[in-house]
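**Student:** Curious how this folds, go ahead:
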Amino acid sequence: MPAYAGTVSAQPVGPGEAGELPEKDLRAIRAALVVPEDVHGFEAGLDRVLADIRETLDVSKLHEFIHTWWLIACDNVRDPQGRAEMYERIAGIEQMAARGEPLPRGGTSWKQLFAERGIEVDL
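**Tutor:** Numbering: from 1, shown residues only. I've put the predicted structure just below:
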C-alpha cells in the first residue's frame, strides 16, 4: 500500500463516462478490478493485511487497504486501458533498468499525474 501524507479523494464518474464506481467493500472492489496486475496485487495485499490482522488484532490496516484499493478499483472502472498501459510502461522501465540504461525522466509532478486520473492529493 502506498504511504502518503495528506488526503485523497476520487471524483465521481460523469455522465457518458465509464461505468459506476464500485461500493467501498472488498467484494465490490475485487469485482471492479479488470487489469490482471491489479487483481494479483489486490489478492496478495489482502493476504498480507489479513495475516497482519490475525497477528495484531488491529483492523485499522484493513480500512487503509480498502480505501487504497477502492481508489484503484475506481481507476479500473474509469480507464482500464490506461491502467494496462501503465503496467506496460513500468515493465519497459524495469527492462531498461535491468540493462543498465538511463531511465526516462518526466516533467510532470505526482500531483499532476494523480489529477489526470481524477484523484485529488494534498501532498
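**Student:** helices and strands around the host helix or strand of Thr68, which ones?
**Tutor:** Element membership of Thr68, judged by DSSP states H and E, is helix 60-78. Judged by 3 or more C-beta pairs under 8 Å, 6 or more residues apart in numbering; DSSP states H and E, helix 60-78 is in contact with strand 8-10, helix 26-32, helix 36-56, helix 80-98. For every residue, glycine as well, the C-beta is placed using N, CA and C.
**Student:** residue ranges with poor pLDDT in the chain?
**Tutor:** Residues of the chain meeting the criterion pLDDT under 70: 1-18, 121-123.
**Student:** The residue nearest to the spatial centre of the chain: what's it in contact with?
**Tutor:** For the chain, the residue sitting closest to the mean C-alpha position, by C-alpha atoms, centre = their mean, is Ile72 at 3.4 Å. Contacts for Ile72 (C-beta atoms under 8 Å, 6 or more residues apart in numbering) come out as Ile29, Leu33, Asp38, Gly41, Phe42.
**Student:** Surely Arg117 touches Asn76?
**Tutor:** No. Using C-beta atoms under 8 Å, Arg117 is not in contact with Asn76, being 11.1 Å away.
**Student:** Compare the two and say which is more crowded by neighbours.
**Tutor:** In terms of neighbours (other C-beta atoms under 10 Å), Asn76 is the more surrounded of Arg117 and Asn76; the figures are 24 against 17.
**Student:** Please save the CA atoms from stretch 31-50 in CSV.
**Tutor:** Output of stretch 31-50 as CSV, limited to C-alpha atoms (Å, rounded to 0.1, in the frame of the first residue of the first chain):
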residue,chain,number,x,y,z
ALA,A,31,-15.2,-7.4,-8.9
ALA,A,32,-14.2,-4.0,-10.4
LEU,A,33,-10.6,-4.9,-10.9
VAL,A,34,-10.1,-5.9,-14.6
VAL,A,35,-6.3,-5.4,-15.0
PRO,A,36,-4.5,-8.7,-14.1
GLU,A,37,-1.7,-6.9,-12.3
ASP,A,38,-4.2,-5.1,-10.1
VAL,A,39,-6.1,-8.4,-9.4
HIS,A,40,-2.8,-10.0,-8.3
GLY,A,41,-1.8,-7.0,-6.2
PHE,A,42,-5.2,-6.9,-4.5
GLU,A,43,-5.2,-10.6,-3.6
ALA,A,44,-1.5,-10.6,-2.4
GLY,A,45,-2.1,-7.4,-0.4
LEU,A,46,-5.3,-8.8,1.2
ASP,A,47,-3.4,-11.9,2.2
ARG,A,48,-0.8,-9.7,3.9
VAL,A,49,-3.3,-7.5,5.6
LEU,A,50,-5.3,-10.4,6.9
